[in-house]
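> what shape does this take:
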Amino acid sequence: FLMVVLAFTFCKGNPKSDGSRWITDADLYRLLHGLDESLPEHPPSMTNRKIDTSSTTTNDTPNADAMIERFVTLDYLLRDKAGEK
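Take a look at the predicted model:
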């Protein structure tokens, strides 16, 4: 899953002057949903963002929210906070 997220970021993300690439959560979820329709098409809303920490849902579908949150916690991915430049 991490490799897919990184591939989408590299291929579809916006390059920055420091060599990094960034992809919006909306674009990432849309692309992930295109690969697997059981994944949500839209990210959880920021006001309703209680993350279930289990890595799968009840039907063995990967829990994209929990896995992305774990990758951010492990510093594999960075989260750009809205409003920061």
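
> got the contact list for the residue nearest the centre of the chain?
Computing the C-alpha centroid of the chain and ranking residues by C-alpha atoms, centre = their mean puts Ile68 first, at 5.0 Å. For Ile68, the set of contacting residues under the criterion of C-beta atoms under 8 Å, 6 or more residues apart in numbering consists of 5, 28, 77. All C-beta spots, glycine's among them, are computed from the backbone N, C-alpha and C.

> show me what contacts the first one?
With contacts defined as C-beta under 8 Å, 6+ apart, the neighbours of Val5 are 28, 32, 68, 71, 77.

> could you point out which residue ranges in this protein have low pLDDT?
Counting by pLDDT under 70, the low-confidence segments of the chain come to 46-61, 81-85.

> helix, strand or coil for the residue of it positioned farthest from its centre?
Relative to the average C-alpha location in the chain, and by C-alpha atoms, centre = their mean, no residue lies farther out than Ser17, which sits at 22.0 Å. In three-state terms, and counting by DSSP: H, G, I helix; E, B strand; the rest coil, Ser17 is coil.

> pull out the buried residues from stretch 1-9.
Counting neighbours by 16 or more other C-beta atoms under 10 Å, one finds that the buried residues in stretch 1-9 are 1, 5-6, 8-9.

> now the strands for the protein?
Per DSSP state E, the chain has strands spanning 14-15, 21-22. These are given in chain order.

> need these in TSV (columns: distance to Asp36 and mean neighbour count).
Putting these into TSV (distance: least, C-beta to C-beta, whole Å; neighbours: other C-beta atoms under 10 Å) gives the following:
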stretch	distance to Asp36	mean neighbour count
strand 14-15	24	10
strand 21-22	22	13
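
> who wins for proximity to Pro62 among the ones you listed?
Proximity to Pro62 (C-beta to C-beta) singles out strand 21-22 among the strands of the chain, at 22.4 Å.

> at which residues are the helices of this protein located?
In the chain, helices defined by DSSP state H lie at 2-12, 25-35, 64-73, listed in chain order.
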